[in-house]
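Novice: A predicted structure for the sequence below; I have some questions about it.
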Amino acid sequence: MFDTQIIPIPILPFGMVNAHLIRSEAVCILVDAGIPGSERRIGKVLANHGLTFRDIKLIVVTHAHTDHAGSAARLRALSGAPILAHEADADYYSRKVPMSYCTTGWVGRLFLRTPAPHEPYEGFVPDIMMRNGETMNLLNFGVDGLVRHTGGHTPGSIAVELASRDALVGDLIASGILIGGLLFKGRAIRPPFEDDPQTVARELERLVQDGAQRFHMGHGGPLEVPEVLRHAWVLASLSGDACASGQCQHDHH
C-alpha cells in the first residue's frame with residue numbers, strides 16, 4: 001500500500017548505536033531515540049533527507065536502555081509526536097526503578113562497569129502504552145506494518161514488522177565486534193545484555209516465519225535470514241542460563 005524506506009541514523013560511529021527512520025510517502029516514524037543528547041544527530045539526518053522534526057509522526061522506543069530511550073522525551077518535545085512503548089518497561093522509562101541487566105559475557109560485564117549503561121535520561125510516560133501481547137497497527141500513521149511485543153531482551157521489548165519484510169528489532173539481535181561496530185557486521189552476536197535467550201530465539205524464528213527478510217538492529221546490521229536463524233538456533237541450544245531459568249538476582253524475574 002505504501003512504499004517505505006528504512007533510513008539508518010548513526011548515533012555513534014561504526015554502527016555501534018543506531019536509530020532508524022521509517023519513511024513512507026507522507027510521514028516518518030522514528031524507531032529508537034539514541035543516547036541522551038542525540039537530537040542533533042537525528043536532526044542532521046532528517047535535514048539531509050529534506051525533513052524536519054515535525055515530519056516525525058510517531059516515536060517507537062523498542063526498550064528502556066539509555067541508548068534507545070535516552071533522547072525520547074526531548075524528541076517528543078521537538079516533534080510533537082507521541083511515544084509508543086510497552087508497559088513492561090514503563091517503570092524504567094519513568095525512572096521509578098533503576099534498569100537491571102543480565103550480561104551475556106565478558107563484554108557485557110566489562111561494559112556494565114562503565115558509566116555508559118547507567119547514563120541517566122529524562123524520564124517520560126509513553127503516550128501510547130502497549131499491554132500484554134497486543135499489537136499496534138501502523139496504518140493509522142501512514143505505514144503498512146505493525147508493532148509487536150517480543151520481550152526477551154528486556155521485559156517490555158517490542159519490534160516493528162513492516163509489509164516490506166523489514167523488521168526493526170532493537171536489541172533482539174546484534175552483530176559485529178564489541179557492541180556492534182568495527183568488523184564482522186554480517187556475523188550475528190548476542191548484545192551485551194539479554195534477559196531471556198530462549199524467548200529471543202523463539203521471537204527471531206517467529207519473525208522469519210512471518211516473512212521478515214531484513215533485520216535492522218540497534219547495534220550493527222542489517223542481517224539477512226540465514227544468519228538470523230543460525231543465531232536463533234545457537235540461542236535455543238543454550239542451557240543453564242540463570243536469567244532464562246529465573247534464578248538470577250534481577251528484580252524483574
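Specialist: Sure thing, it's come through.
Novice: residues contacting D55?
Specialist: Contact analysis of D55 by C-beta atoms under 8 Å, 6 or more residues apart in numbering lists V27, C28, L46, S79. Using the backbone N, CA and C atoms, a C-beta is placed for each residue, glycine as well.
Novice: pull up the gap between it and L112, please.
Specialist: 37 Å (C-beta to C-beta, to the nearest Å).
Novice: returning to what we had before: from the contacts of D55, which two are the most distant?
Specialist: Greatest spacing in the contacts of D55, by C-beta to C-beta: V27 and L46 (12.7 Å).
Novice: in JSON lines: the contacts of D55, plus neighbour count, pLDDT and distance to Q5.
Specialist: JSON lines is the format used below for those (neighbours: other C-beta atoms under 10 Å; pLDDT from 0 to 100; distance: C-beta to C-beta, whole Å):
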{"residue": "V27", "neighbour count": "17", "pLDDT": "86", "distance to Q5": "12"}
{"residue": "C28", "neighbour count": "25", "pLDDT": "95", "distance to Q5": "9"}
{"residue": "L46", "neighbour count": "22", "pLDDT": "97", "distance to Q5": "13"}
{"residue": "S79", "neighbour count": "22", "pLDDT": "98", "distance to Q5": "18"}
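Novice: going by distance to I59, which of those wins?
Specialist: Nearest to I59 among the contacts of D55: S79, at 7.1 Å, using C-beta to C-beta.
Novice: contacts only, for that closest one.
Specialist: S79 neighbours (C-beta under 8 Å, 6+ apart): L30, F53, R54, D55, I56, I59.
Novice: so how far is G43 from the last one?
Specialist: I take that to be I59. As defined by C-beta to C-beta, I59 lies at a distance of 14 Å from G43.
Novice: please enumerate the strands of the stretch 1-150 of the chain.
Specialist: Using DSSP state E, counting those that start in this stretch, the strands of the stretch 1-150 of the chain run over residues 5-12, 17-23, 28-31, 56-60, 83-86, 128-130, 135-137, 145-149.
Novice: could you list the buried residues of the first one?
Specialist: Within strand 5-12, the residues scored as buried using 16 or more other C-beta atoms under 10 Å are I6, I7, I9, I11, L12.
Novice: same check on the fifth one?
Specialist: Within strand 83-86, the residues that qualify as buried by neighbour count (16+ other C-beta under 10 Å) are I83, L84, A85, H86.
Novice: which one among those gets closest to M16?
Specialist: Checking the buried residues of strand 83-86 against M16 with C-beta to C-beta, the nearest one is A85 at 22.7 Å.
Novice: that closest one contacts Y93, correct?
Specialist: Yes - applying C-beta atoms under 8 Å, one finds A85 in contact with Y93, separated by 6.2 Å.
Novice: joint contacts of the two?
Specialist: In contact with both A85 and Y93: V61, A64, A69, P126, using C-beta under 8 Å, 6+ apart.
Novice: dump the residue contacts of the closest residue in space to the last one that isn't next to it in sequence.
Specialist: Nearest non-adjacent residue to P126, counting by C-beta to C-beta, 6 or more residues apart in numbering: A85, 4.0 Å away. Remark: with contacts taken as C-beta under 8 Å, 6+ apart, A85 is in contact with V60, V61, A64, A69, Y93, P126, I128, M129, M130, G156, I158.
Novice: buried subset of those residues?
Specialist: Of those, these count as buried by 16+ other C-beta under 10 Å: V60, V61, A64, A69, Y93, P126, M129, M130, G156, I158.
Novice: what pLDDT does N132 get?
Specialist: pLDDT, N132: 86.
Novice: name the nearest residue to it, sequence neighbours excluded.
Specialist: Using C-beta to C-beta, 6+ apart and skipping the chain neighbours, the partner closest in space to N132 is H149 (7.3 Å).
Novice: ok, back up a step: ranking the contacts of S79 by neighbours, who comes first?
Specialist: When neighbours are counted by other C-beta atoms under 10 Å, L30 leads the contacts of S79 with 29 neighbours.
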